[in-house]
Every structure is written in structure tokens, then in C-alpha cells.
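Chemist: What follows is a protein structure lacking sequence information:
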């Protein structure tokens, strides 16, 4: 997202375009968690396939379509090569598979179209946010996926007889005391839900990919996930939601973004990042409620909104330093 | 909107203010479709009167009130003379007639007030968007009309016993195979629905006005309408909505804006414009769903959002050129 | 908000930090109405305690927490000293007391956390809006309080068995002819509802504080409240809502902001400010409808949106001058 690729750059520069393409698609998958590393992307792809082959295929397809579209539009090659156009396409395609059903041919067509539109939105939002020195994060994905989930029931080729997803939000019910099973499962699910996956072993593979890309990233993800668990438990979130990672994925991304990716790591930025992770966790049911009446989902909006405002505030805080 | 008035300018400059005013009001009507041409405005006004005298009167009133308010506030005279303050007022007044009932005196008062407020919003948004070199498009109209439709049921002088407009969005029902009648009707209705009018002959008159202003504009509108029809049909939108032009009007405006008005015409910008038209078409039921729970409407939000982001992205695409 | 502290500055500068702190907290309370005056803050605090001790305590707590957090983050000391970080914290804490119940320990914890987050949002939004020379107004409070009211039902520690607040908006019912009692009560309640208080005597104390800070501010608040009453009555708002000040508080703030605080006072800015107050009044049921389906409230969003756009337009109007 904001990170450029360092170590892999020299080796890549001498290969022809077609030889570089697979690594760039993998880097697009890895950039969902800000990592400009094809090795990390391999771990992430393995996690997607572990949860189900359809997720692996849609994720790779989305990153590949978006990267191709970015080349076709003639966008800045360094950014495309670092995977900075692939990650929103990857997430858009995954959202299509999850919300519209991976097996329908129309879902495949929408995933391709949506991933291409995400490239235009990425370029447009990047131009607007660059004036404030802010990154686009996953805002293009959130915009496309919110529009798709709201629009889909209105199109009979995209919506296949399921009941209307729109509903007024209701207060939480059920037990709020997460058991030990909820807690350790939620710790990994928080990391996997960034890619819509609730399986603990998928989360573990994502975490392994983060550690492969760098120890700092792995530790920041662990700290973000633990902070999100603690915040959700203390606030009385339903235990089963905590266990599925439905409250913590924005906290994981926020901790990664604010500690190491966009702000230089250190004690102050760690505190700032964990405060951001807690804020994003509390914001997740808020976005769920705001989007429920039109059939939308929280997606990573809590991460996007929290991180953009915390990053915009950072220059006013003398102890924080942009990276 | 973004276009300045070329040919008509020299002739106008020597007339006194009162002599210029009628042409400026007509230009305000024409600027709804970006045309800075009083002749085009005459065609558009004829289309409004053909659909019903109340629409003609409200449309002219809105443009006249907004133009007068812009002069009264002392805004830039060149922009006011080109009709760049009239078009949002024209649309606000039409929205009042359509959603609140043209026959009530309170509707008339709200139309006048709303058109004047739209002038302030136009100046405010123009100042904000100018930093990114973006036009305001119909955003002032969308803001005022969304606020009015959401607020009206709360005021007994503005809401006359109709049931609450707020409802959760429901999945599409009915046939999705538009017949030949739906298709040719929808082709013209897409153009007329920019002004809230579903009549095919009104759409034909609008199209005539566009061709009168310039062949390129007329062809872009046709291409946008056809793209919107194709997208809606392929996605399985209900056939009767397609026939009434309820999915295609934002596509028409997006095609006009991105091919010829704000981007220089050419093969690449045509492809970009038609991709934008397809995106705006898919976005229309999304905005309908988002606004339904509070009693709002999609209006031209899909056009505004799509065009702003596609225009913001344009400088990053080497093959596209701003006009 | 935008005003700096003039007269009190010299006397303050020579006191140590701990001696200055109480005056800065009071100034934070006063800045809700843009007044950088500790004396005014004393009146406002008295009004809060008059309505109920819990409101006085939460208001002071919010301002104190936010001021402390701003010092802790190392934000610009002049702004902190003028109360420019306290007022959003004050409002966030009051919103917690009103919407979540003042007596629950969890409400207190959320108020502290929310006030601290409001400081980060203030710094972030200020950096973004400074590029357009616009103030943040109460946007940080509106964002935090909207998120809190939407999220709270999802957390069992924050929501204590009350029914779901989310509902589709319904058309206005009941009498729309406000009696004399509604009118004079509403005149003061409009001023008190800025702090969520419907009591006329609380409004009277707020008004006394405004006059203590300056005659111009007191008169602008009166003119804003009267304009809001007139607009609500003419539009047919329910009489009991008018009497409780539920339609007029944004009008009061808008009149203050546009006549004297951010625009130089004068005949033209008075007309502009009262047009803004009428717009904000009509916008209040609109924001109520937009936020109802997810359990939110209009808060001071109508004031924030109206004032930001009217201020953004001001440089284009030759007769208006920024202060």
C-alpha cells in the first residue's frame, strides 16, 4: 500500500514483463496486508486455498485482472510492480465470491469488472488523497464492494433467490463471555477475516506470511489482534462473533498501518496504533449497523476511516514520525 | 458545467443585463446536460412543456431563481452568464414538483428557497473541488434534493398525507427480459430521466437539443444510453424499469461528461466514458437501496460519484487528456 | 472554535500549567458556542448543573479529558489553551450520558475514551480542512457520537436492555400550530439543545453566558433561534418538537458561526447567517431521517454541513469577509 519493494526490486528489474507478472500478482495479494513481498503473497495464497479452492482462484484472479488493467491504462509501473493495484482487485473478487456465490458465471463476470473498476478508483482516490499525503488503503475495495452488495439484489442475474439482505440492526443477544475456544480461535480469525476467512488455520497461514515478510509486521498483527480481542470482550460483544473474528480484522490492519507501515515503529507509535486498533474494533458494529438497512456490510471501512484520520492527525503529534 | 460558451459570447456581450437574462436562464436549463447553448435550452424547455406545463414552469423558474440569486450574491459573471448556476436550480425545482406535488403553494416556496440554496452549495463545492481541478457536476442538486426528500415527511406543510416514503429495499421481481417496446422506449427515456421525465417523446426532444448544440454531444448521449441499456439487460434488471429509463440516465450523463465535455474526445476516452456509463448504471440500484431506508432517491448520485472518481483518475492515465 | 482568546491571554500566560488548567477546561465548555471565555464557560457549566448534576459532571469531565489528552499528545499549546480541543470532548461525554445512561460505569469509561478519540479526530480533520481554510466545527463530536450510538446496541456492556433504537422514519403527526408556550419555550430550548438540554432555564443561562462573552454573540444566538422558530413553524413542524428546541439548535450555532465568528459582522453577513440558520433548520429532520434506520441522531450535523458549505462559498461572494 504505502511500502515500496526493497530487496526484491533489483532482481526483478532485469526480467521481462511476462516473467515478472506472477510475482506482481502475488505481491498484489500480499499488499492487502501492506507487504510488498511475493513470498508473503505465496503464504497468503496458500491460506486462501486452504479455506477453499474458490477463494484461492478468485483472489488470484482479482489481483491478476487489476494488475493487467493497471498496465493497460498505463499507470505508474513502479506502483503496479509493487502490487499496489492488485490488492483492491483481490479483495473485490473475494467479496464477489463470498456475497454473490462463487459458482455462478455472473459472479465471475462481476468480479472481473469490479476489479477493473477498483483500479480506476484507486488512481482517482490516490490523486485526491495525495494532496493530504494520505494513502488510499482499502477504500477502493470498500466502495466497490459496498456498491455491489447494495446493488446486487436489484439485478436478477446477480441475485439468486436469496432473501433480501436489508434489515434494521438489532441489539446484540446471546452470551458475551467468550470462552477459551472463542479467544484463541478469534486471535487467528481476526487475521483471516481481512480476507473474509473465519478458519483459524487460514489465519495462522496469513500470520506466517506476515512473519516471512518481516518480524515487525508479524508482531504488529499479533498486537492488533490481541487489542481487538480485549476491546471486544470488555465491551460485551457476543462471544461467537468474537470467535469468528468478526470484530477484530480492522484492528489488525490498523495496528499494521500505524506501527511500521506508515508511521515509524517505536513506543509512541505502538501506543497510537493500539489506540487506533481499539477504536476500529468499536467502530466495526457501528459500520455494520449503518450499512445493514441497505444490505451492506462493515467490510474494512472501520480500518479505512480510523487509519485515515489517525494518519491525518499524526503530523500534529510531535512524537510520531511518518515513514 | 465545465464548458464555457464560445459562439454565443460575442453577440451577448453588447446586450444590457435584462436583455441577456432570458438567454442565460435557457442556458441554465441546457447546462443540465453540459450545453452552454440557449438554443439547446429552448429544445429542453419544449421537452419539459411537452411532458406537462408544470414541469416547464418549474424548470424555468428554478433556473431563473438560481441565476438571479447568483447575480445577487455577486458571483463571477462569466460563469453565471454561461448558465453554470442555473442548472442545479432547474433540477431542484423539478425535483420539488415531482416529489412534493407541483400544485401546492408550499412546493413553490420550497422550490424557490432550494434553488437559491443550491447556488450557495455550487459556490462552496466549486471552491473545494477546484483544488483537485474537478467540476461540481450535479452534486449541489443531489445534496439539496436528498435533504428535501428526507426532510419533507417531517413537515406537515410540505407533506400532504401520502404514506411514508421510507422502506427497506427489496430484491428485484418481475420479468427481466425487456421486450422491443421496453428497449426503444428506454433508449429515449434514459435521456429524459435526467430531468425526471419517462416519456419517450420528451427524451427525443432532449436528444434533438443535444444535436442542436453539437453532433458530438448527441452521439455521446446515444452511446451512453445504449451502453446503459445493454448493461441493465445483461445484469437482469426488471424490464419495466429499463423501459422507463430508471437505470440509464446516469449513464447518459457520464458518457457526455467523459467523452467531449471534460475529456478530449477520442477512441480511448470513448472506451473510458462507456466503462463509466456501465459503472454508473450498475451503481443506480445501489444508490436506490442506500437511500430507500430514509425515503430518498438515487437521483444523479451515480453519475456524480462515477464521474468525479473517473475524472480524478484521468491525469494518471497517459492516453486521456483533460479538456 | 475559530476564535482565539484575546483579553484573557495576557493574564494567563504568567500562570503555571496547573493554575491554568481549570480555566482551560471552562474555555473548552464555552467553545461549544465558539466563545474562548472562561467566564462564559462558568455560565454554561451552571446551566448544565441546573439541568442535572450528571450533565455538569460529564460536561466538565469531557472537556478535562480532551484537554489533558491534547497536552499529552503534544498538540499546539495555544489552541489547547483556548479550549479548542475541549469542546468536542465535552459534547461527546454529554452524548454518552444522554444516550447510554449517566449512571453506568461503562458509560463513564466510554465517555473518557470517546473524548480522547475526539482529540485525534480534531487534529486529523483540522489538517484536512485547513487546506480549504475551513474550521472543524463540531464534526469530531458528530463522528464519534454517531459511531457510538450506532455501535452501542451491539455491545452488551454499553446497552442495558433498552429496545433497539433503529427504526424507519415516519411522517410527522400531531398538531403543527405551536402555542405561545411552545414558542417562548422553544426560543430558549433551541439554545440549550446545543448541549442536549430542553429546559428553558438552562437555555436562559446559556444565553446569559453568551451575552457575558459579548453582546454580538448573544444577539446572533437570539436571531438564529428566532429564525429557526419561524422556519419550523412556517414549514409545519410538530408543535411539541418546536417547543423542545429539537429543530432549532443547529440554526443557533449556524447564526453564531456565520455572523461574527468566522465572517465579519454586518448587514450582508447577517442575511447570509439567517439564510444559513433557516437551511440548517430544514436540514435537521433530514438528518434525523437519514440516521434513524441505524439508530443514530441528527446531532449537530445540520450545523456542520450547512456552515462548512456556506463558509466554503464565502470567498466567492464579494460582500462577505472572512474574519
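Modeler: All right, it came through fine. None of the values given here were measured: they were computed from a predicted structure.

Chemist: Quick check: residues of the stretch 151-300 of chain A near chain C?
Modeler: Contacts of the stretch 151-300 of chain A with chain C, taken as Cβ under 8 Å from any Cβ of the partner chain, map to A:168-172, A:176, A:234-238, A:275, A:278-279, A:282-290, A:292-293. C-beta coordinates here come from the backbone N, C-alpha and C atoms, glycine included.

Chemist: buried subset of those residues?
Modeler: When these are checked for burial by 16 or more other Cβ atoms under 10 Å in any protein chain shown, the buried set is A:168-169, A:171-172, A:176, A:235-238, A:275, A:278-279, A:282-290, A:292-293.

Chemist: which of those come close to chain B?
Modeler: Among those, chain B is touched by A:168, A:293 when using Cβ under 8 Å from any Cβ.

Chemist: In helices, which of the buried ones among the residues of the stretch 151-300 of chain A next to chain C fall?
Modeler: Members of these lying in helices (criterion: DSSP state H): A:235, A:275, A:278-279, A:282-290.

Chemist: Hmm, which of these is lowest in pLDDT?
Modeler: Among these, residue A:235 carries the lowest pLDDT, at 93.

Chemist: May I ask you to confirm that it is in contact with residue C:153?
Modeler: No - in this structure, residue A:235 is not within contact of residue C:153 by Cβ atoms under 8 Å, at 11.7 Å.

Chemist: Quick check, residue A:145 in contact with residue A:90.
Modeler: No - taking contacts as Cβ under 8 Å, residue A:145 lies outside contact range of residue A:90: 11.8 Å.

Chemist: which of these two has more neighbours?
Modeler: residue A:90 (34 against 26; other Cβ atoms under 10 Å in any protein chain shown).

Chemist: Could you say which helix or strand holds the more buried one?
Modeler: helix A:86-96 (DSSP states H and E).

Chemist: before we move on, what about residue A:161?
Modeler: Counting by DSSP H and E, residue A:161 is part of no helix or strand.

Chemist: separation between it and residue B:171?
Modeler: 8 Å (Cβ to Cβ, to the nearest Å).

Chemist: Next: residue A:224.
Modeler: 37 Å.

Chemist: for residue A:244, same thing?
Modeler: 26 Å.

Chemist: what's the burial count for residue A:205?
Modeler: Look at residue A:205: counted by other Cβ under 10 Å, it has 23 neighbours.

Chemist: need the contact list for it.
Modeler: Listed by Cβ atoms under 8 Å, 6 or more residues apart in numbering or on different chains, the contact set of residue A:205 reads A:43-44, A:46-47, A:50.

Chemist: Now it: closest residue in space, sequence neighbours ignored.
Modeler: Using Cβ to Cβ, 6 or more residues apart in numbering or on different chains and skipping residues adjacent in sequence, the residue nearest residue A:205 is residue A:47, 3.6 Å away.

Chemist: cool, and residue A:43?
Modeler: Nearest to residue A:43 is residue A:209, by Cβ to Cβ, 6+ apart, at 2.9 Å.

Chemist: can you list the domain ranges for chain A.
Modeler: A:1-165, A:176-323 (automatic domain parsing).

Chemist: got a markdown table for those, with distance to residue C:310 too?
Modeler: A markdown table is the format used below for the domains of chain A (distance: least, Cβ to Cβ, whole Å):
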| stretch | distance to residue C:310 |
| --- | --- |
| domain A:1-165 | 23 |
| domain A:176-323 | 24 |
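
Chemist: Where does the stretch 1-150 of chain A get nearest to chain C, which residue?
Modeler: Nearest residue of the stretch 1-150 of chain A to chain C: residue A:132, at 5.6 Å (Cβ to the nearest Cβ).

Chemist: cool, the stretch 101-250 of chain A as well?
Modeler: Using Cβ to the nearest Cβ, residue A:236 is the residue of the stretch 101-250 of chain A that sits closest to chain C, at 3.4 Å.

Chemist: Enumerate every residue touching that residue.
Modeler: By Cβ under 8 Å, 6+ apart, residue A:236 lies in contact with A:172, A:176, C:155-158.

Chemist: Any idea how far whatever helix or strand the residue nearest to residue A:43 lives in is from the middle of the chain?
Modeler: Residue A:209 belongs to helix A:200-213 when assigned by DSSP H and E. Put simply, helix A:200-213 sits 14 Å off its chain's centre (Cα atoms, centre = their mean, to the nearest Å).

Chemist: With stretch A:173-192 instead?
Modeler: Counting by Cα atoms, centre = their mean, stretch A:173-192 comes out at 20 Å from the chain centroid.

Chemist: Just the buried residues of it, please?
Modeler: Under 16+ other Cβ under 10 Å, the buried positions of stretch A:173-192 are A:176, A:178, A:182-183, A:185-192.

Chemist: Quick check: closest non-adjacent residue to residue A:79.
Modeler: Here the residue nearest residue A:79, using Cβ to Cβ, 6+ apart, is residue A:85, at 6.7 Å.

Chemist: Considering the domains of chain A, which stretch scores lowest in mean pLDDT?
Modeler: If you rank the domains of chain A by mean pLDDT, domain A:1-165 sits at the bottom with a mean of 91.

Chemist: how much space is there between the residue nearest to residue A:245 when sequence neighbours are not counted and chain B?
Modeler: Closest residue in space to residue A:245, ignoring its immediate chain neighbours: residue A:189 at 2.8 Å, by Cβ to Cβ, 6+ apart. Here the criterion is Cβ to the nearest Cβ, to the nearest Å. By it, residue A:189 lies 29 Å from chain B.
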